[in-house]
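1. give me a 3D structure for the following:
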Amino acid sequence: MTPSLKTKIIEVCDKKIAKKGTDVGISFYAFFKNKNDNPELLMEAATWWIQTHQLDHFEKVVKIRELVQG
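-> Alright, predicted model coming up:
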């Protein structure tokens with residue numbers, strides 16, 4: 001995973017946790033605008049989410065942040 005995507009995921013997770021708490025669910029689409037303006041980055045996130053970790057569509061935000069932080 002590229003450092004820029006990793007940073008973006010952690011930032012989004014932190015914002016979700018601050019706003020809605022630790023029980024909130026998140027999907028990899030949360031890291032992108034509704035407009036597909038960076039398909040390569042979207043595919044990188046999808047590959048990490050679906051193929052590498054075989055995650056469900058929605059996962060707990062804290063789980064995702066922990067996976068990314070390693």
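2. report the contact partners of the residue nearest to residue 49 when sequence neighbours are not counted.
-> With sequence-adjacent residues excluded and distances taken as Cβ to Cβ, 6 or more residues apart in numbering, residue 49 is closest to residue 28, at 4.3 Å. The way it works is simple: take the backbone N, C-alpha and C, and place the C-beta from them, glycine included. When the contact criterion is Cβ atoms under 8 Å, 6 or more residues apart in numbering, the partners of residue 28 are 45, 46, 48, 49, 50.
3. tally of neighbours for residue 66?
-> The burial count assigned to residue 66 is 11, neighbours taken as other Cβ atoms under 10 Å.
4. now list the buried members of the contacts of residue 28.
-> 45, 48, 49 (16 or more other Cβ atoms under 10 Å).
5. residues making contact with the lowest-mean-pLDDT helix or strand in the chain?
-> Sorted by mean pLDDT, DSSP states H and E, the helices and strands of the chain end with helix 39-46, the least confident at a mean of 92. With Cβ under 8 Å, 6+ apart as the contact definition, helix 39-46 has outside contacts at 1, 2, 4, 5, 9, 28, 31, 32, 36.
6. pull out the buried members of those.
-> Members of these that pass the buried threshold by neighbour count (16+ other Cβ under 10 Å) are listed as 5, 9, 28, 31, 32.
7. got the contact list for the last one?
-> Put plainly, it is residue 32. By Cβ under 8 Å, 6+ apart, the contact list for residue 32 reads 38, 41, 42, 45.
8. for this protein, which segments count as strands?
-> Taking DSSP state E, the strands of the chain run over residues 25-26, 59-60.
9. now the first one: mean pLDDT?
-> When you say that, I think you mean strand 25-26. The predicted model gives strand 25-26 an average pLDDT of 96.
10. check the offset of that strand from the chain's centre.
-> Taking Cα atoms, centre = their mean, to the nearest Å, one finds the center of strand 25-26 at 9 Å from the center of the full chain.
11. so which elements touch that strand?
-> helix 3-20, strand 59-60, helix 61-69 (3 or more Cβ pairs under 8 Å, 6 or more residues apart in numbering; DSSP states H and E).
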